[in-house]
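Asker: generate a structure from the sequence data that follows.
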Amino acid sequence: MNNNFTLNEGFNPKGQSELILKNFGLSFIKPKFYQVNGGNVATLQELAKEDGQRDKQNSFFGLPVFDVLTFMGMNYIAYDGKKITLDTIHFGVALCDINQSKNIITTSIQGRNGTIKEYISDGDYTINIKGVITSAAQDYYPEQDVKRLKDFCDAPTPISIASQYINMFGIKDIVIKDYSFAQVEGMRNVQPFELNCLSETPFEIKSQTQNTTAGTSKASPRFI
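Answerer: Here you go, the predicted model:
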């Protein structure tokens, strides 16, 4: 999977990022920019340097990060048996925030302060994605692009994504848990969106017959 794509000529990542922060009331924070292909109109790395954020490798901890995000096209079968085809969507700038919890059982013991912790496994990553969909015409609502994103949000299947920042955590597929499309007063051609997602990991099924492994198959990601 290619995690990079070339920014379209005329695309303004700085203006797009400022629009995202404004629409979500986040103008007071200074998210970091993750890397995008060099040699384009304006790379996010250069924008980060303009803000004095030169130490890119040490700048991500505890802060949301701007990055290019791609929802990979896919096919799936709907509950009514109809085959649905979704085309790839590119977002030139999206604000990403990643968190992870651990599955730990705590047990209280009489006469002992604190609890006994039993580590079970790592939990899912939670991914929050904020962005905006815009149209070139000032009075034209981007209805078709909004519908394309909503089709991904409504898909009852994991979505393969390409994002250098998100993929850095080993996340290749996500499940959209909930989403919102807020209204913006006085900006008819702008549609902000927010996605709350969980990471999805492919799993293996091993069958054993008389203590002998009969076969191993990798199942495609799905809800369990």
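
Asker: can you pull the contacts of the closest residue to Pro13 other than its chain neighbours?
Answerer: Distances taken as Cβ to Cβ, 6 or more residues apart in numbering place Val93 nearest to Pro13, at 5.2 Å, with adjacent residues excluded. Every C-beta, even on glycine, is put in place using the N, C-alpha and C of the backbone. Contacts for Val93 (Cβ atoms under 8 Å, 6 or more residues apart in numbering) come out as Pro13, Gln16, Ser17, Ile20, Leu44, Phe66, Asp67, Val68, Gly131.

Asker: now do the same for the nearest residue to the second one once chain neighbours are set aside: helix, strand or coil?
Answerer: By that I understand Gln16. Leaving aside its chain neighbours, Gln16 sits nearest to Val93 (4.3 Å; criterion: Cβ to Cβ, 6+ apart). Following DSSP: H, G, I helix; E, B strand; the rest coil, the label given to Val93 is strand.

Asker: where's Val93 relative to Ala155, distance?
Answerer: 23 Å (Cβ to Cβ, to the nearest Å).

Asker: do a quick rundown of the strands in the chain.
Answerer: Under the criterion DSSP state E, the chain contains strands at 32-33, 65-71, 74-77, 83-86, 89-108, 115-134, 159-162, 173-180, 190-200, 204-209, 212-218.

Asker: how about the ones you listed in JSON lines, adding distance to Gly25 and mean pLDDT?
Answerer: Formatted as JSON lines, the strands of the chain follow (distance: least, Cβ to Cβ, whole Å; pLDDT from 0 to 100):
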{"stretch": "strand 32-33", "distance to Gly25": "19", "mean pLDDT": "70"}
{"stretch": "strand 65-71", "distance to Gly25": "16", "mean pLDDT": "91"}
{"stretch": "strand 74-77", "distance to Gly25": "33", "mean pLDDT": "94"}
{"stretch": "strand 83-86", "distance to Gly25": "31", "mean pLDDT": "94"}
{"stretch": "strand 89-108", "distance to Gly25": "12", "mean pLDDT": "91"}
{"stretch": "strand 115-134", "distance to Gly25": "11", "mean pLDDT": "92"}
{"stretch": "strand 159-162", "distance to Gly25": "25", "mean pLDDT": "95"}
{"stretch": "strand 173-180", "distance to Gly25": "14", "mean pLDDT": "96"}
{"stretch": "strand 190-200", "distance to Gly25": "11", "mean pLDDT": "95"}
{"stretch": "strand 204-209", "distance to Gly25": "43", "mean pLDDT": "64"}
{"stretch": "strand 212-218", "distance to Gly25": "43", "mean pLDDT": "44"}
